[in-house]
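# sequence first, predicted coordinates after that:
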Amino acid sequence: MAHTIRMQSLNNKIALITGAATGIGKAVALRLGQEGCHVIVNYLERKDDAAAVVNAIKTQGGNATCMQADISREDDVVNLFTVIRKQFGRLDVLVNNAGLQRDSDFIDMTLDDWNTVINVDLTGHFLCAREAARLFKRQSQENSDRPPGAMVFITSVHQNIPWSRRANYCAAKAGAAMLMKTIAQELAPYQIRVNAIAPGAVKTPINIDNFQDPESRKKIMRKIPYGRAGKVEDIAAAVAWLASDEADYVTGETLFVDGGMELFADFADGG
């Protein structure tokens, strides 16, 4: 059964979500599919999971395609965008979502630990954004009556909040946040919008054990003034808004979707 279109400006747009086979990426893909986008579900290795996301979107009455690419490899990313242009003729939305963690005490962190995270969470976002920018700029010259495109980076509250044992992850997210702002500044004259969403503690398959363990969950919840953990659907809703024409005058901004985690709950009683 087809879903009601909530944001008409997203209807029939082509949207690429990187790392969309599971977690936040999956939720974003499902939401944009509900909004009427033709969703390109990018994946690295989880082919069956990506196909399941495509099938779920189609079952909801939407359109979707899955495309494999390692976003940390320049040749893969360039080929991905070439295929998209050939198959669809354009791209309207890039959601730079793919990411990973390799946690370690800093003094024990290997160069491989560092590079693995930086290559995906920062360099991969650069590569996808660069190819999207090239395509969006061309589209702005080809059709001035249609918005040329929008990008949404998925960063983290840890672009601002230090997180022990995750120096690589925090550095990558902080770098991605400034990358987003710099790109937004440069592309604004073409009406290409670039924004970010910084999730807080969101339940995903990667961290579900932390929420199921009573002691770990208690520690997490102490950090969230709003009193509940985030859901992947919370992030997906924010992406849908930033990607739509409803947010046409918003660029270069990071929207923190974190239940108030940045409010530093430990200081709520005076510290």
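Perfect, I can see it now.
# whichever strand or helix holds Ala50 - contacts with which helices or strands?
Taking DSSP states H and E as the criterion, Ala50 maps to helix 47-59. Applying 3 or more Cβ pairs under 8 Å, 6 or more residues apart in numbering; DSSP states H and E, one finds that helix 47-59 contacts helix 23-34, strand 38-43, strand 63-68. In short, each C-beta sits where N, CA and C put it, glycine included.
# give me the contact list for the first one.
The contact list for helix 23-34 (Cβ atoms under 8 Å, 6 or more residues apart in numbering) reads 3, 6, 10, 15, 17-20, 39, 41-42, 49, 53, 56-57, 60, 62-64, 93, 95, 97-98, 154, 199, 202, 204-206, 232-233, 235-237, 239-240, 243.
# tell me the contacts of the residue nearest to His125 when sequence neighbours are not counted?
Closest residue in space to His125, ignoring its immediate chain neighbours: Asn96 at 4.5 Å, by Cβ to Cβ, 6 or more residues apart in numbering. Contacts for Asn96 were tallied using Cβ under 8 Å, 6+ apart; they are 18, 124-125, 128-129, 151-154, 176.
# ok, back up a step: now do the helix holding Ala50, average pLDDT.
Mean per-residue pLDDT for helix 47-59: 98.
# between that helix and strand 38-43, how many degrees?
Going by axes from the mean of the first three to the mean of the last three Cα atoms, to 10 degrees, helix 47-59 is angled at 170 degrees with respect to strand 38-43.
# what are the buried residues along helix 47-59?
By neighbour count on 16 or more other Cβ atoms under 10 Å, the buried set for helix 47-59 is 49-50, 52-54, 56-57.
# identify the residues contacting that helix?
Residues outside helix 47-59 that contact it (Cβ under 8 Å, 6+ apart) are 20-22, 26, 29-30, 33, 39, 41-43, 63-66, 68.
# just the buried residues of these.
Neighbour-count burial (16+ other Cβ under 10 Å) is assigned, among the contacts of helix 47-59, to 20-22, 26, 29-30, 33, 39, 41-43, 64-66.
# Pro205 contacts Thr22, doesn't it?
Yes - Pro205 lies in contact with Thr22 (Cβ atoms under 8 Å); the separation is 5.6 Å.
# how near is the closest residue to Ala167 other than its chain neighbours to Met178?
Spatial nearest neighbour of Ala167, chain neighbours left out: Phe106 (5.1 Å); criterion: Cβ to Cβ, 6+ apart. Taking Cβ to Cβ, to the nearest Å as the measure, Phe106 falls 21 Å from Met178.
# just Asp92 next, same as before
Counting by Cβ to Cβ, the gap from Asp92 to Met178 is 25 Å.
# not counting its neighbours along the chain, what's nearest Val93?
In this structure, Val93 finds its nearest non-sequential neighbour in Ala15, 3.9 Å apart by Cβ to Cβ, 6+ apart.
# can you classify that neighbour as helix, strand or coil?
Under DSSP: H, G, I helix; E, B strand; the rest coil, the three-state class of Ala15 is strand.
# state the pLDDT value of it.
For Ala15, the pLDDT comes out at 98.
# please apply the same query to Met1.
pLDDT for Met1: 38.
# picking that back up, these two touch, right, the residue nearest to Val93 and Asn97?
No - using Cβ under 8 Å, Ala15 makes no contact with Asn97, being 11.2 Å away.
# could you pull out the buried residues of the helix or strand bottoming out on mean pLDDT in the chain?
Least confident helix or strand of the chain, by mean pLDDT, DSSP states H and E, is helix 208-212 with a mean of 87. Neighbour counts using 16+ other Cβ under 10 Å place Phe211 of helix 208-212 among the buried residues.
# mind listing what's buried in the helix or strand just after it?
On the C-terminal side of helix 208-212, the closest following helix or strand by DSSP H and E is helix 214-222. In terms of neighbour count (16+ other Cβ under 10 Å), helix 214-222 has its buried residues at 220-221.
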